[in-house]
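Asker: What follows is a protein structure lacking sequence information:
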């Protein structure tokens, strides 16, 4: 990689290390003033690094391997017991991982060159449910999701604002299932501004939500449910490819707009007819009115750019195994979740400089190729610790980049598969953790 790229990543880790090792950061994110004051193996920094190192196996094995890696020993020695770690993590607030993630995301946008679409940062909002340890306290904290086929399970609701081109989670939250997706989506708008383009699924479409996005001086492209929007039905019936129309608020929309302090004036929007390969006709609506700079032909592919946010939940659940919790308490769940988000974002940021190289080296192949993120996440196990622990990380970065360029996968456009709603979800046992 070019020296400038190496310097960028060196700066990123120096920035994060400076935050992590500062007394101010520790003071903000420890449960009480006396926590982490004694000189022990499980310092504040070590506990944070242990959690971003993706604890998925038997806890004692994880601890033994972690300290073996740091010491360089060939055989793991017992340095810390799992009981000691459980007590140490109780002194840590999960907010430490939220601040670290915000710091790395901000640094990425300020110092790197993220991919954009016609100068827009493409963002998507999406939600999902996650299983949490099925204890009484978690049922009270997160809520209980009933089932027709059993007794149900304790679950939390996840919502995220996701940069689909750079595969970076700008912000995310884990809350009780009683919290509504639209309310969480509105909270995410605090991170949205000029130059952002939100790709909105039909479940989030509402006049007041469109008004809220425009109030942030951002733009959007949304898929409308034709059966639920009269203006969409009339537009599709007209047979036109696109049209500039006014969207007027109804009584409930006006009420919500006033509740959120938003204007209730009609919105001038661009309606676009899209015919899918299977013959289905869909209606898109966007605030991008410039038909010369952004012609009609761009929008079918544009809305399909939203798909990576769906895939990101697969990565979070199946690759990072976020539901394979390392503790039972709500605080442990929050720690694991936000630590996994940090590590997932770090993997995406580390992969950034490889993609332009692949575009050149695979130019004669049938498909475009990308980094195999599953393999990268696997390689970050233990490696992520040394990116923070070692002062000279450039050789380590080079080995990671070389591995990424050797482990790639094709991007096959327009692939689609019917969803199988009968797939049984994998649940992880707290008592029988893997030893590998």
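Answerer: Received the coordinates, thanks. Please read all numbers here as calculations on a predicted model, not as lab measurements. Numbers count the residues shown, from 1 in each chain.
Asker: Run through this structure and note the low-pLDDT ranges.
Answerer: Where the chain drops to pLDDT under 70, the residues are 147-150, 413-426, 429-436.
Asker: any chance you could map the strands in it?
Answerer: For the chain, the strands defined by DSSP state E cover 121-131, 144-147, 150-163, 168-176, 196-200, 219-224, 242-247, 267-275, 281-286, 368-371, 408-411.
Asker: In the protein, which residue is most central in space?
Answerer: The residue lying closest to the centre of the chain (C-alpha atoms, centre = their mean) is residue 169, at 3.4 Å.
Asker: I'd say residue 135 and residue 153 touch.
Answerer: No - using C-beta atoms under 8 Å, residue 135 is not in contact with residue 153; the gap is 10.9 Å. Where C-beta positions appear, they are placed from N, C-alpha and C, glycine not excepted.
Asker: List the residues that contact the closest residue to residue 123 other than its chain neighbours.
Answerer: Of all residues not flanking residue 123 in the chain, residue 198 sits nearest, at 5.1 Å (C-beta to C-beta, 6 or more residues apart in numbering). Residue 198 makes contacts with 123, 124, 125, 192, 213, 218, 219, 220, 221, 222, as judged by C-beta atoms under 8 Å, 6 or more residues apart in numbering.
Asker: Neighbour count: residue 135 and residue 153, which is higher?
Answerer: In this view residue 135 and residue 153 are compared by other C-beta atoms under 10 Å, and residue 153 has more residues nearby, 18 against 14.
Asker: quick one: contacts for that one?
Answerer: Going by C-beta under 8 Å, 6+ apart, residue 153 touches 131, 134, 144, 145, 147, 427.
Asker: Going by neighbour count, which of those residues comes out on top?
Answerer: Using other C-beta under 10 Å as the neighbour criterion, residue 131 leads the contacts of residue 153 with 21 neighbours.
Asker: quick one: that one from residue 158, how far?
Answerer: Distance of residue 131 to residue 158, computed by C-beta to C-beta, to the nearest Å: 11 Å.
Asker: now do residue 116
Answerer: 26 Å.
Asker: Compare neighbour counts for these two and give me the winner.
Answerer: residue 158 (21 against 14).
Asker: so who does the closest residue to that one other than its chain neighbours touch?
Answerer: Nearest residue to residue 158, sequence neighbours excluded (C-beta to C-beta, 6+ apart): residue 128, at 5.0 Å. With contacts defined as C-beta under 8 Å, 6+ apart, residue 128 is in contact with 157, 158, 313, 317.
Asker: got it, and residue 366?
Answerer: Counted by C-beta under 8 Å, 6+ apart, residue 366 has contacts residue 410.
Asker: What residues does residue 71 make contact with?
Answerer: Counting by C-beta under 8 Å, 6+ apart, residue 71 has contacts residue 77.
Asker: Can you give me the neighbour number for residue 412?
Answerer: Residues near residue 412, counting by other C-beta under 10 Å, number 9.
Asker: From residue 358, how far off is the closest residue to it other than its chain neighbours?
Answerer: What sits nearest to residue 412 in space, not counting adjacent residues and going by C-beta to C-beta, 6+ apart, is residue 367, at 5.9 Å. The gap separating residue 367 from residue 358 is 11 Å, by C-beta to C-beta.
Asker: Ends of stretch 354-370, what's the gap?
Answerer: 8 Å (C-alpha to C-alpha, to the nearest Å).
Asker: how about that stretch: buried residues?
Answerer: By 16 or more other C-beta atoms under 10 Å, the buried positions in stretch 354-370 come out as 354, 355, 358, 362, 369, 370.
Asker: quick one: the second one and residue 373 touch, right?
Answerer: When you say that, I think you mean residue 355. No - shown here, residue 355 and residue 373 do not form a contact pair, counting by C-beta under 8 Å, at 11.3 Å.
Asker: So which other helices or strands are in contact with the longest helix along the chain?
Answerer: Longest helix of the chain, by residue count under DSSP state H: helix 330-350. Here helix 330-350 touches helix 44-52, helix 82-89, helix 95-111, helix 136-142, strand 168-176, helix 373-380, helix 394-406, going by 3 or more C-beta pairs under 8 Å, 6 or more residues apart in numbering; DSSP states H and E.
Asker: ok, 6 Å please
Answerer: Helix 330-350 is packed against helix 44-52, helix 95-111, strand 168-176, helix 373-380, with contacts defined by 3 or more C-beta pairs under 6 Å, 6 or more residues apart in numbering; DSSP states H and E.
Asker: Among these, show me which one is buried the most.
Answerer: Scoring these by mean neighbour count under mean count of other C-beta atoms under 10 Å gives helix 44-52 as the most buried, with a mean of 22.
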